[in-house]
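Trainee: Dropping the sequence and predicted coords here.
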Amino acid sequence: MLPNRHGKFGPFGGRFVPETLMPALYELEEAYRRFRKDPDFRRELSWYLKEYAGRPTPLYPARRLSEALGGHLKIYLKREDLLHTGAHKINNTLGQVLLARRMGKRRIIAETGAGQHGVATATAAALLGLECVVYMGAKDTVRQAMNVFRMELLGAKVVPVTSGTQTLKDAINEAIRDWVTHVETTFYVIGSVVGPHPYPMMVRDFQSVIGRETRRQILRLEGRLPDMVIACVGGGSNAMGIFYPFVRDQVVKLVGVEAAGEGLDSDRHSATLTVGEPGVLHGMMTYLLQDRVGQIKGAHSIAPGLDYPGVGPEHAFLKECGRAEYVAVDDEEALSAFRLLSETEGIIPALESAHAVAYLAKIADRLPKGAIVVVNLSGRGDKDVAAVKEYLSRKEKR
Amino acid sequence: MTGAERVREAIEARNREGRAALIPYFCAWDPDLETTRALLWAAAEAGASVVELGFPFSDPLADGPTIQAATQRALRHRPTLEDFLEFVFRLYAEGYPLPVVVMGYYNPFFRFGIKRFAREARRAGLCGAIIPDLPLEEARPWLSEARKRGLATVLLAAPTTPEARLKRLAEASTGFLYYVSVTGITGARDRLPEDLALRLDLCREVSPVPVAVGFGISKPEQVRLLAPHAEALVVGSALVRIVESEGKRAPERVKRFLSELVSAAER
């Protein structure tokens, strides 16, 4: 069972945090291990996932998309975009905020990049009546002003972070600084399978409801396991969530799709696993985008949720041991897929999820007839339409 | 003498005079390396005992706004650990009298290779390292490389650290144990926790090496209050603030301010 008791996935993971937080990490791990076995907690979480968030989500056979890609594949979309707040993020925030309440913590903090995790955290905090503070890079608060307003409507306080690159990685730094300062009263809800142990494990467990449902649904629909599961990877929580219940099924090929942004050789991408190198950031040993001397580089993607220079340590491990494959598609390819899915299925995907669709479109020709492919449609694209419109009009002018 | 011995001896020598030792922190390259060199000499002339020299990192998550800003200024010079060690080597070639320890986040050391870092640090005369995001659980490889080269290891302990763990942290430290005064990040503070003296006394009971206290110390009154309870005091943000406002002219004022703190450190 991974991780081991030190939170390691092979050489990756661990707890690279200031001493002040170590007792809090032990407390969290102990509480999490206790409550995840507690029938009462499990019942409570399942109830909220079903009655509030809208689980289970459909595993939808995308026939028109299959047709458009040659007609030889059976493509299924795992519809996480249909969940409350529009993405898979709510699976994790409900789990963590319920845990926080059981641990007697009244104050919730979170980081957010594009704002999806911030909204999902503010939602769960509002639902359970807890105080919520969200750290967001100052640049992101401008780019994603609607999500800032959403969080405020939900009663959260949004703090713009002006240090460093003023994006997600700096928001995480600031959230950790807050946690170090208010560790006795505060629960830090991390938004992806990143950070110090036990977060990568805990977030994976909360998200693996996606993979468990998918496995059950595909066996019922097709009577066999899929040949391939594809998911986009920023920090990697939706991918880890759908991969995890298939990890032991060696016949199922697992593919994580990173953002190649403006190209892998452009220095403007987020393809951490594809071209990054191991290092330590945000409490974990993992693959990072960094320069020769170990300073962390900025990341870029047209999909704001993929814009992170690190990645979950378990993905680093799955890459290293060869169990999962990691590839990258660029902004243009993601945009084409964004349109393709909108036009063929009437589903506007999040730009993040469009990366997974784009990779499928790219390799469809090479897949054998009758292959079953599941794409994790981690979020809906309403949040992205304005940005896409602007991007396209800018491109026309050029 | 090994690096670790030099650090301990510098602190203990000051203690024998009935004073707590002062450990100033500067961020290398802030605002440039020439000023850093002048600041280090100013610290020596003011009567500091050990110098903590920061190697800037892009994501300093244990630091408050003052040191974050210093880090940003320093990063503009695109610093490397090679250059850092070269700087230390030259400093000692000029006859610099104080032991210098590096304070830096783990990734640059990891990237450089900790085995190689320990070897080359020793060659340059650097005396040890403080790595705030390397808690005991992750520190084993570094502790063993450091021990091999006689470099001082300095683990941090915090108000949240349970008593049994304090002892393990102290035993893994060969230079000094660094007690973080507050649950929080670096930065000057007007008030320090009320039980701080008690916690320090507890640290000193279990620690085989000197205990230094840091985070938030910025005034002679605070130094006077804490000196009887710690072998050494670390002052960081208060000095970095002077560098921020005075730039290249900072060394003279830093020297005056540090002298005040040194004379307040009577035990």
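Mentor: Looks like it came in fine.

Trainee: Not counting sequence-adjacent ones, nearest residue to residue B:193?
Mentor: In this structure, residue B:193 finds its nearest non-sequential neighbour in residue B:182, 6.1 Å apart by C-beta to C-beta, 6 or more residues apart in numbering or on different chains. Yep, even glycine has a C-beta here, placed from its N, CA and C like the rest.

Trainee: sec struct for that neighbour, please.
Mentor: For residue B:182, the assignment made with DSSP: H, G, I helix; E, B strand; the rest coil gives coil.

Trainee: Can you check what pLDDT the model gives the residue in the stretch 1-150 of chain B that chain A sits nearest to?
Mentor: Among the residues of the stretch 1-150 of chain B, residue B:111 lies closest to chain A, at 3.4 Å counting by C-beta to the nearest C-beta. Predicted confidence (pLDDT) at residue B:111: the value is 98.

Trainee: With residue A:211 instead?
Mentor: Note on residue A:211: pLDDT of 98.

Trainee: wait, is it part of a helix?
Mentor: Yes: applying three-state DSSP, one finds residue A:211 inside a helix.

Trainee: wait, it sits on residue A:245?
Mentor: Yes: between residue A:211 and residue A:245 there is a contact under C-beta atoms under 8 Å: 3.6 Å.

Trainee: Show me where the chain has its strands.
Mentor: The chain I'm using is chain A. A:8-9, A:12-16, A:59-61, A:74-79, A:107-112, A:131-137, A:157-161, A:186-189, A:228-232, A:253-261, A:277-281, A:283-288, A:324-330, A:372-377 (DSSP state E).

Trainee: Hmm, no, I was thinking of chain B.
Mentor: B:21-27, B:51-54, B:100-103, B:128-130, B:152-154, B:156-157, B:177-180, B:211-214, B:232-235.

Trainee: Residue 91: neighbour count?
Mentor: As the question left the chain open, I've gone with chain A. Number of residues near residue A:91 (other C-beta atoms under 10 Å in any protein chain shown) recorded here: 26.

Trainee: that's the wrong chain, I meant chain B
Mentor: By the criterion of other C-beta under 10 Å, residue B:91 has 21 neighbours.

Trainee: which residues touch it?
Mentor: With contact set as C-beta atoms under 8 Å, 6 or more residues apart in numbering or on different chains, residue B:91 has these partners: B:37, B:40, B:100, B:125.

Trainee: again, but for residue A:141
Mentor: Residue A:141 neighbours (C-beta under 8 Å, 6+ apart): A:148, A:158, A:160.

Trainee: still on that earlier bit, which ones among the contacts of residue B:91 map onto helices?
Mentor: Within those, residues falling in helices by DSSP state H are B:37, B:40.

Trainee: How about the residue nearest the centre of chain B: which residues does it bridge to?
Mentor: Centroid-nearest residue in chain B, with C-alpha atoms, centre = their mean: residue B:52, separated by 3.3 Å. Applying DSSP bridges to residue B:52 yields these beta-bridge partners: residue B:25, residue B:101.

Trainee: Find me the pLDDT at it, would you?
Mentor: 98.

Trainee: need the contact list for the residue nearest to residue A:347 when sequence neighbours are not counted.
Mentor: Of all residues not flanking residue A:347 in the chain, residue A:341 sits nearest, at 5.4 Å (C-beta to C-beta, 6+ apart). Contacts for residue A:341 (C-beta under 8 Å, 6+ apart) come out as A:62, A:65, A:347, A:348, A:349, A:354, A:357.

Trainee: If we use 6 Å, what do you get?
Mentor: Contact analysis of residue A:341 by C-beta atoms under 6 Å, 6 or more residues apart in numbering or on different chains lists A:347, A:349, A:357.

Trainee: Leaving out sequence neighbours, find the closest residue to the residue nearest the centre of chain A.
Mentor: A centroid search over chain A (C-alpha atoms, centre = their mean) returns residue A:237, at 3.5 Å, as the residue closest to the centre. In this structure, residue A:237 finds its nearest non-sequential neighbour in residue A:192, 4.3 Å apart by C-beta to C-beta, 6+ apart.

Trainee: Number of residues surrounding the one you found?
Mentor: 30.

Trainee: Could you do residue A:227 as well?
Mentor: Residues near residue A:227, counting by other C-beta under 10 Å, number 17.

Trainee: And for residue A:39?
Mentor: By the criterion of other C-beta under 10 Å, residue A:39 has 7 neighbours.

Trainee: Relative to chain B, how far out is it?
Mentor: Separation of residue A:39 from chain B (C-beta to the nearest C-beta, to the nearest Å): 31 Å.

Trainee: On the pLDDT front, check that residue for me.
Mentor: On the pLDDT scale, residue A:39 gets 98.

Trainee: tell me which of the contacts of residue A:341 is nearest to chain B?
Mentor: residue A:349 (31.3 Å).

Trainee: At the contact with chain A, which residues of the stretch 51-200 of chain B appear?
Mentor: B:58-59, B:61-62, B:68, B:80, B:106-108, B:110-111, B:132-133, B:135, B:137-138, B:156, B:158, B:160, B:183-185 (C-beta under 6 Å from any C-beta of the partner chain).

Trainee: Scan the contacts of residue A:341 and report the most crowded one.
Mentor: Ranked by the number of neighbours (other C-beta under 10 Å), the contacts of residue A:341 place residue A:357 first, at 31 neighbours.

Trainee: Adding distance to residue B:236 and pLDDT as columns, could you present the contacts of residue A:141 in a markdown table?
Mentor: Conversion of the contacts of residue A:141 to a markdown table gives the following (distance: C-beta to C-beta, whole Å; pLDDT from 0 to 100):
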| residue | distance to residue B:236 | pLDDT |
| --- | --- | --- |
| A:148 | 34 | 97 |
| A:158 | 30 | 98 |
| A:160 | 26 | 97 |
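
Trainee: Considering those, which possesses the most neighbours?
Mentor: Neighbour-wise, the contacts of residue A:141 (other C-beta under 10 Å) top out at residue A:148, 22 neighbours.

Trainee: that older thread, ok, the contacts of residue B:91 vs residue A:186, which is closest?
Mentor: The closest of the contacts of residue B:91 to residue A:186 turns out to be residue B:100 (C-beta to C-beta; 36.4 Å).

Trainee: my guess is that closest one contacts residue B:52, does it?
Mentor: No: counting by C-beta atoms under 6 Å, residue B:52 is not a contact partner of residue B:100; they are 8.0 Å apart.

Trainee: ok so, going back, and the residue nearest to residue A:347, what pLDDT?
Mentor: Listed pLDDT for residue A:341 reads 98.

Trainee: I'd like the contacts of residue A:141 laid out as CSV, including distance to residue A:114.
Mentor: Below are those laid out as CSV (distance: C-beta to C-beta, whole Å):
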residue, distance to residue A:114
A:148, 11
A:158, 13
A:160, 14
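
Trainee: Show the backbone phi and psi for the residue in the stretch 201-350 of chain A positioned nearest to chain B.
Mentor: Going by C-beta to the nearest C-beta, chain B is nearest to residue A:294 of the stretch 201-350 of chain A, at 3.4 Å. Residue A:294 adopts backbone torsions of phi 100, psi 10, taken as degrees, to the nearest 10.
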